[in-house]
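>>> Build me a model:
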Amino acid sequence: MDTPRVLSISTGTREVGYAYFEGEKLIDWGVRENIVGDLSERVTKIGLKHIRALIKRYEPEVLILPSPERHKPNQKKFVETIESEFQSDELVIERLSRYDVRDCFASMTHVERITKQDVMVELARRYTDLQSRVPKPRRSWDPPDWWAPMFEAAARAVTWITKS
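Got it, this is the predicted structure:
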């Protein structure tokens, strides 16, 4: 794979963030909302519909998913549903944890204790189209920014591309 087509997904209970790369070039990114129905329906049916559309549109060679954390059972169910739905010879599915992303960006930026904000700023530095989307630093009582899932997806993709 000289310039692999990589689609990275970040799952949440209210939204699905994505970033699509061709090689190291960021082609498309965004967030799709999942607010209809109960939590289980939002996560599996509506989120899956968005991901199906993205896969059909971009035909990626690699699909990157979050490695679900133990305290997020709905995320785990969603990731497992995605994996079983898209398991094929043509599509490589990879899971990356937040620790993989943290370690990759810490080595890129030479910051020992890297934060999500540091990762978002580094992504915006590398991909100038994202600069207007970087949220203000979040205080502990602030809700997550709308664009945070997209930055999480982009960070996973950059981590995978860097490691490959």
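
>>> contacts and neighbour counts: CA atoms only from here.
Fine.

>>> ok, residue 5 - contacts?
20-23, 58-62 (Cα atoms under 8 Å, 6 or more residues apart in numbering).

>>> Past the lowest-mean-pLDDT helix or strand in the chain, which element shows up next along the chain?
Lowest mean confidence among the helices and strands of the chain (mean pLDDT, DSSP states H and E): helix 39-41, at a mean of 60. Where DSSP states H and E defines the elements, the next helix or strand beyond helix 39-41 is helix 47-58.

>>> What are the contacting residues of that next one?
5, 7, 15-16, 20, 32, 34, 82.

>>> Same question for stretch 115-134.
Outside of stretch 115-134, the residues within contact range by Cα under 8 Å, 6+ apart are 26, 102, 105, 109, 137, 147, 151, 154-155.

>>> Helices - which of those land there?
When DSSP state H defines the helices, the subset of the contacts of stretch 115-134 inside them is 102, 105, 109, 151, 154-155.

>>> returning to what we had before: just put the contacts of stretch 115-134 in JSON lines and tack on pLDDT, neighbour count and distance to residue 130.
Formatted as JSON lines, those follow (pLDDT from 0 to 100; neighbours: other Cα atoms under 10 Å; distance: Cα to Cα, whole Å):
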{"residue": "26", "pLDDT": "97", "neighbour count": "18", "distance to residue 130": "10"}
{"residue": "102", "pLDDT": "94", "neighbour count": "22", "distance to residue 130": "19"}
{"residue": "105", "pLDDT": "95", "neighbour count": "24", "distance to residue 130": "17"}
{"residue": "109", "pLDDT": "89", "neighbour count": "12", "distance to residue 130": "18"}
{"residue": "137", "pLDDT": "88", "neighbour count": "11", "distance to residue 130": "15"}
{"residue": "147", "pLDDT": "87", "neighbour count": "19", "distance to residue 130": "10"}
{"residue": "151", "pLDDT": "95", "neighbour count": "28", "distance to residue 130": "9"}
{"residue": "154", "pLDDT": "97", "neighbour count": "29", "distance to residue 130": "10"}
{"residue": "155", "pLDDT": "97", "neighbour count": "27", "distance to residue 130": "12"}
